[in-house]
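Colleague: Just the structure for this:
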Amino acid sequence: MSERRLLRNLPTKLLALGIALLIWFALAGGRRERISERGYTIPLAVVNVPRGMVVASALPVSLQVRLRGPFSALRALDPAKLEAVIDLRGASAGERTWRLGAEDVNVPPEVEVLSISPAELRVGLDTAAEKRVPIRPAIVGKPAPGYRVAGVSADPPTALLTGAESSLARLSAATTDAIPVDGHSATLVIPATALAEAPGVRVREGQVVVVTITIEPDGSRPTPAVTPARAGR
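Modeller: Numbering: from 1, shown residues only. Here you go, the predicted structure:
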C-alpha cells in the first residue's frame, strides 16, 4: 500500500524534485562565484525639474562609480544603461549641495555601489526667462599685410536666449564660434553658430548665422610710382 502511495503522481514529484535541484545548484553556484570590484564612468541625469525653472549651475556630464558584486553580474553590466540621477521633485529656487548616494545609481540588486565621485554637487535652480541680445562674431587672426577688417555683420543680427534669469541678466551679447581671417585680402561670407557662454543658457532663435567680414586695403600699401611720359623730340 505504501509503495502505491509512493508511486502516486510520480511525474509531478519528479518535476518538483528537478526544480528543487536546479534552484539549489543555482544558489550554490552563486555562493561559489568570486566577488569583484570594478570602476565605471556613467552619465549624470537630472529629472523632475520644477515647472518654470531651470538648472542654473554647471554640472558634470558624467561621474565615476565603483561597484562590487558577483563577477558575472559586473561583466554583464552595460555602462551605457547605468546612470546617476538627481531628482529635483519638490525643489525650490536657490542653490544647495546635493549628496549622491547608492540609491541614486540604477544597479541590479546583487551589485553594491561602493563609491561615487564626485559625491557632492552644487545644484542651483532659477526661474526660466528669455532675452534677446545682439550677436557679436568672434573674429580671430589678422588679414594679409596691407589689409584690415573694415566691418563685421551677422544675419540675423540678434539671438533669442533662454535659460536661468540670473545668468541672462549678466549677458549683454551672444558670440559665435571662432572665425579666422588670417591671410585674407577679400571680404568673407561665412556661416557660424551663435553661442551663449553661460551655465543654464541656450540659444533658442538665431543659432545659425551668416557672418560677413569686410576686408579692404588699410592704406599702408605703397602706391605704384607713375613715370611721366616724355615729350617727343
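Colleague: The top strand by length along the chain pairs with which strands, parallel or anti?
Modeller: Longest strand in the chain, counting residues (DSSP state E): strand 120-136. Its sheet considered, strand 120-136 pairs with strand 53-55 (antiparallel), strand 94-99 (antiparallel), strand 158-164 (antiparallel), strand 174-176 (parallel) by DSSP bridges.
Colleague: Show me what the helix or strand just after the third one is packed up against.
Modeller: Using DSSP states H and E, the helix or strand that directly follows strand 158-164 along the chain is helix 165-169. In terms of contacts (3 or more Cβ pairs under 8 Å, 6 or more residues apart in numbering; DSSP states H and E), helix 165-169 is packed against strand 120-136. Yep, even glycine has a C-beta here, placed from its N, CA and C like the rest.
Colleague: Name the surrounding residues that touch the very next helix or strand once past the strand it packs on.
Modeller: Using DSSP H and E, the next helix or strand after strand 120-136 towards the C-terminus is strand 139-140. Residues from elsewhere that reach strand 139-140, judged by Cβ atoms under 8 Å, 6 or more residues apart in numbering: V149, V152, A178, I179, P180, V181, D182, I213.
Colleague: In space, not sequence, find me the middle residue of this protein.
Modeller: V61 (5.1 Å; Cα atoms, centre = their mean).
Colleague: Ignoring the adjacent residues along the chain, who's closest to R89?
Modeller: Once flanking residues are discounted, R89 sits nearest to N48: 3.9 Å by Cβ to Cβ, 6 or more residues apart in numbering.
Colleague: buried stuff in stretch 96-116?
Modeller: W98, L100, D104, V105, V107, V111, V113, I116 (16 or more other Cβ atoms under 10 Å).
Colleague: Pull out the buried positions in the longest strand of the chain.
Modeller: For strand 120-136, using 16+ other Cβ under 10 Å, the buried residues are L121, V123, G124, L125, D126, A128, A129, K131, V133, I135.
Colleague: what's the most distant pair in those?
Modeller: Farthest-apart pair in the buried residues of strand 120-136 is L121 and I135; separation 32.3 Å (Cβ to Cβ).
Colleague: E110 is in what secondary structure piece?
Modeller: Applying DSSP H and E, one finds E110 in no helix or strand.
Colleague: shouldn't it be in contact with G69?
Modeller: Yes: if you go by Cβ atoms under 8 Å, E110 and G69 touch, sitting 5.3 Å apart.
Colleague: Now intersect the contacts of strand 139-140 with the strands, please.
Modeller: Those of the contacts of strand 139-140 lying in strands (DSSP E): V149, V152, I179, P180, I213.
Colleague: Any chance of TSV for the buried residues of strand 120-136, columns pLDDT?
Modeller: Shown next, in TSV, are the buried residues of strand 120-136 (pLDDT from 0 to 100):
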residue	pLDDT
L121	95
V123	93
G124	89
L125	91
D126	92
A128	92
A129	94
K131	95
V133	96
I135	96
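Colleague: Return the member of those nearest to L168.
Modeller: Closest approach between those and L168, by Cβ to Cβ: K131, at 4.4 Å.
Colleague: Could you list everything that closest one pairs with in the sheet?
Modeller: L161.
Colleague: what's near enough to touch it?
Modeller: Per Cβ under 8 Å, 6+ apart, neighbours of K131: L160, L161, L168, L171.
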